[in-house]
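Novice: make a model of this:
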Amino acid sequence: MKSTLLRSAWMGASPRLLLVLGIFAVLRGVTPLPEYAGPYPDARDRASQGIESRAGGAAPVAKVADIPATDAEAARFLTQATFGPTLEDIAKLRQVGYTAWINEQVGYPVSSQLTFMKNAAARAGTDVRRDWRLDAWFVNAIGGKDPIKPTQIVHNDQLRQRVAFALSEIFVVSDATSDLLGNTPHGMTHYYDTLARDSFGNFRTLIEDVTLHPVMGIYLSMMQNQKPDPVNNIRPDENYAREVLQLFSVGLVRLNPDGTPILDANQQPVPTYNQDTVKGFAHVFTGWTFNGCQAQGYFDCYYYDSSAPAWVTPMENQAAYHASAQEKQLLEYTGVSLPGGKLAGGGSGRGDLAAALDNIFNHPNVGPFIGRQLIQRLVTSNPSPAYVGRVAAAFNDNGQGVRGDLRAVVTAVLMDPEARDPASQPENFGKVREPILRLTHLWRTLGAKSKSGFLDEFWTMDGNLGQAPMYASSVFNFFSPNYRPMGEPSQLNLAAPELQLATDYMLPANEGYLMRKIFDSYVGNPAGIGNDEVAISLSRDVALATNPGALIDRYNLLFLSGQMSAPMRQVLLERLNGMPANTTAAKRERVQEALYLIVNSPEYIVQK
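Specialist: Got it, this is the predicted structure:
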């Protein structure tokens, strides 16, 4: 049955249920045919001996070699750390090793979406357009020479941009349902640039930059939040107070250092905070508004001009609207610096904010809570407690006594034995690829670009992929990090966040969208393509069309990191050998068919 199931999915003809089941067969480590055990046939047995279980019993942590031993190992790392590996990237990584590659990535200039938009507006002689923010995101994600200033700007910071995208799915803002944010492309792109800039900085800086950004202020209604006024029945808005705790820092329940929940005497999770805590933080987050509003008042101040400096400047506090007098209950935990977690009244808006963010930053939950989500976004949906614990330890101390060093955290995520060594991985290792990352992977691997440097996708991408950067329908992102589909995944307690996008509508939409990108949007299409159409280049791989085995091996490396199963390879060989290759067009179609079948296969959709 498994063979039939996966073959039907590979041929792009399976309905939603079959495809999702096929994905889970791969995610769980179930091989398509019983006679094939995958590229690491004894991985499950060895992993069971080398992973710390919830019941305890840690085994020695394997040491990870700094130089990838094979192209496949290099491709696996680059799949996790970039928007898609290229042959050039693989060769470079094998030459310099992981440490030098990470150091080089950290040192590259930050690719700025806001700068791209300003340069585009200057070239076009127009105002900045909202849809250009998607163009800017893809320019940075694909990388290479900037299409606006190709001789001056090269986008090399793949790791930073990949981490920024992960952070954008944790510290969510969105202009999908907000007219106020839809009209401020300067602010939206600056917010994303802030995440990129802080990707390798300190979490304490990141949480403050997020909190005081005017885009976040509007999105979660901290902007122009005011102190209590019983006469006018005014209470501080609790929106940002709830989400900064629940989603951005500590989560709902107390955690052990390895991310497992702390249980009370009745074996129930212990809450991290209560309603009094939310009220306390809501009082802290009062008095903040756009920078430069002192002369304009508090409530009537809004900048309709997207290019106004206030959109890219941290908010300011107006003392008259800050809840200074009240004592504020903040987070209480072992080692908290504030007695009982209570912030005394009488402080300034700026001083109260600093104390509150310090209170969050030093909570023991932050390392495992944020670390686990970064693991999920980059490496695997169900990391072992030991993996989470090692990443949390790097958050708590980067080796030099510094807490919150995100460079150390990202390095720990990518260089952990569970991420690098198949022998250290549990059988359910892996994650479902986000639809937008399948697109960037295709485009980067095949050197895609448009003639104009832009892409005409802003109003259609979300409908075809179910996501677009900073365009989620709510602060809870496109999917929950704890999402478990009904049935077997829930029974096995396996999270598959990205499958929250796998609806009856969106799965065929994904397949059809990628099909058009492969069969229609390619350089040299005799039917022609528009100036804003991103076109893949097939010329390099058409040379392998008469040797289907070699073509499949190349795509096995670039798309599946050398992990394609023998049955899948055989299905592809049979299909490609059954196609003619006696003309240039026929050879091209062989390449396109291989791409189409691979990027829609369960083995590819699950990143292992």
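Novice: count of neighbours near residue 161?
Specialist: Applying other CB atoms under 10 Å, we find 29 residues neighbouring residue 161. All C-beta spots, glycine's among them, are computed from the backbone N, C-alpha and C.
Novice: then the one 3 residues further on?
Specialist: Residue neighbour count, defined by other CB under 10 Å, stands at 25 for residue 164.
Novice: just to check, it is in contact with residue 200?
Specialist: No: if you go by CB atoms under 8 Å, residue 164 and residue 200 don't touch, sitting 10.1 Å apart.
Novice: and residue 184, what's its pLDDT?
Specialist: On the pLDDT scale, residue 184 is placed at 96.
Novice: list the contacts for it?
Specialist: 175, 215, 306, 311 (CB atoms under 8 Å, 6 or more residues apart in numbering).
Novice: the third one contacts residue 186, doesn't it?
Specialist: Yes: if you go by CB under 8 Å, residue 306 and residue 186 touch, sitting 4.6 Å apart.
Novice: about what we covered before: and the contacts of residue 184, which is closest to residue 64?
Specialist: residue 215 (38.3 Å; CB to CB).
Novice: neighbours of the closest one, how many?
Specialist: Neighbour count for residue 215, taken as other CB under 10 Å: 27.
Novice: circling back: pLDDT, secondary structure and distance to residue 475 added to the contacts of residue 184, as TSV?
Specialist: As requested, those are exported to TSV (pLDDT from 0 to 100; DSSP: H, G, I helix; E, B strand; the rest coil; distance: CB to CB, whole Å):
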residue	pLDDT	secondary structure	distance to residue 475
175	96	coil	13
215	98	helix	13
306	95	coil	22
311	98	helix	20
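Novice: which of these tops the neighbour count?
Specialist: residue 215 (27 neighbours).
Novice: give me every residue that touches that residue.
Specialist: Here residue 215 is in contact with 173, 181, 184, 187-188, 190-191, 311 (CB under 8 Å, 6+ apart).
Novice: nearest to residue 270, of those?
Specialist: After measuring those against residue 270 - CB to CB - the closest member comes out as residue 173, at 30.3 Å.
Novice: and the host helix or strand of residue 123, C-alpha only, in CSV?
Specialist: Using DSSP states H and E, residue 123 sits in helix 113-124. Listed in CSV are the C-alpha atoms of helix 113-124, where the atom choice follows Å, rounded to 0.1, in the frame of the first residue of the first chain:
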residue,chain,number,x,y,z
GLN,A,113,14.2,45.6,2.3
LEU,A,114,13.6,49.3,3.0
THR,A,115,16.7,50.2,1.0
PHE,A,116,15.6,48.2,-1.9
MET,A,117,12.2,49.9,-2.0
LYS,A,118,13.8,53.4,-1.8
ASN,A,119,16.2,52.6,-4.6
ALA,A,120,13.3,51.2,-6.7
ALA,A,121,11.3,54.3,-6.1
ALA,A,122,14.2,56.5,-7.0
ARG,A,123,14.8,54.6,-10.2
ALA,A,124,11.1,54.6,-11.2
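Novice: in the stretch 251-400 of the chain, which spans are strands?
Specialist: With DSSP state E, counting those that start in this stretch as the criterion, the stretch 251-400 of the chain has strands at 288-289, 316-317, 328-329, 342-343.
Novice: what's the mean pLDDT across the last one?
Specialist: For strand 342-343, the mean pLDDT works out to 98.
Novice: strand partners (parallel or antiparallel) of it?
Specialist: As defined by DSSP bridges, the strand partners of strand 342-343 come to strand 328-329 (antiparallel).
Novice: now find how far off-centre the partner strand is within its chain.
Specialist: 33 Å (CA atoms, centre = their mean, to the nearest Å).
Novice: what does the average pLDDT come to for it?
Specialist: Strand 328-329 comes out at a mean pLDDT of 98.
Novice: can you list contacts of it?
Specialist: Contacts of strand 328-329 (CB under 8 Å, 6+ apart): 276-277, 279-281, 283-284, 341-343, 345, 352, 356.
Novice: which of those residues count as buried?
Specialist: In the contacts of strand 328-329, burial by neighbour count holds for 277, 279-281, 283-284, 341, 343, 352, 356, counting by 16 or more other CB atoms under 10 Å.
Novice: with distance to residue 582 added, can I get those in TSV?
Specialist: Listed next are these as TSV, based on distance: CB to CB, whole Å:
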residue	distance to residue 582
277	72
279	75
280	75
281	70
283	76
284	72
341	76
343	77
352	75
356	71
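Novice: out of those residues, flag the one nearest to residue 435.
Specialist: Closest approach between those and residue 435, by CB to CB: residue 281, at 34.9 Å.
Novice: that closest one contacts residue 246, correct?
Specialist: No: assessed by CB under 8 Å, residue 281 is found out of contact with residue 246, at 11.1 Å.
Novice: look up how far residue 326 lies from the most far-flung residue of the chain relative to its centre.
Specialist: Going by CA atoms, centre = their mean, the residue of the chain most distant from its centre is residue 231, 45.4 Å out. Per CB to CB, to the nearest Å, residue 231 is found 16 Å from residue 326.
Novice: go on, residue 580?
Specialist: From residue 580 to residue 326 the distance is 78 Å (CB to CB).
Novice: just residue 114 next, same as before
Specialist: 38 Å.
Novice: neighbour count winner among the two?
Specialist: Taking other CB under 10 Å, residue 114 and residue 326 do not tie; residue 114 has more neighbours (22 against 19).
Novice: surely the more buried one meets residue 188?
Specialist: No: Residue 114 lies out of contact with residue 188 (CB under 8 Å); the separation is 9.0 Å.
Novice: quick one: the strands in the stretch 501-608 of the chain?
Specialist: 606-607.
Novice: in it, which spans are helices?
Specialist: Taking DSSP state H, counting those that start in this stretch, the helices of the stretch 501-608 of the chain run over residues 506-519, 539-542, 548-560, 566-577, 584-599, 602-605.
Novice: would you mind pulling the contact partners of stretch 289-304?
Specialist: 180, 183, 214, 217, 223-224, 226, 309-311, 313-316, 318, 320-321.
Novice: before we move on, what about stretch 527-541?
Specialist: So stretch 527-541 is contacted by 138, 442-443, 446-452, 454-457, 517-518, 520-525, 551, 554-555, 588, 591-592 (CB under 8 Å, 6+ apart).
Novice: selection in ChimeraX covering whichever of these are buried, please.
Specialist: The command below creates a ChimeraX selection of those among these that count as buried (16+ other CB under 10 Å):
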select :138,442,443,446,447,448,449,450,452,454,455,456,457,517,518,521,522,551,554,555,588,591,592
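Novice: now do the helix holding residue 123: which elements does it pack against?
Specialist: With contacts taken as 3 or more CB pairs under 8 Å, 6 or more residues apart in numbering; DSSP states H and E, helix 113-124 sits against helix 132-142, helix 185-198.
Novice: any regions of the stretch 251-400 of the chain where pLDDT drops low?
Specialist: Along the stretch 251-400 of the chain, segments meeting pLDDT under 70 span 295.
Novice: change it to 80
Specialist: For the stretch 251-400 of the chain, applying pLDDT under 80 flags the ranges 294-297.
Novice: break down it into its helices, ranges please.
Specialist: Taking DSSP H, counting those that start in this stretch, the helices of the stretch 251-400 of the chain run over residues 275-284, 349-361, 366-378, 385-396.
Novice: could you provide those in a markdown table, with additional columns for distance to residue 487?
Specialist: Formatted as a markdown table, those follow (distance: least, CB to CB, whole Å):
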| stretch | distance to residue 487 |
| --- | --- |
| helix 275-284 | 35 |
| helix 349-361 | 37 |
| helix 366-378 | 21 |
| helix 385-396 | 25 |
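Novice: of the contacts of stretch 289-304, buried ones?
Specialist: Judged by 16+ other CB under 10 Å, buried ones among these: 183, 214, 217, 223-224, 226, 310-311, 313-316, 318, 321.
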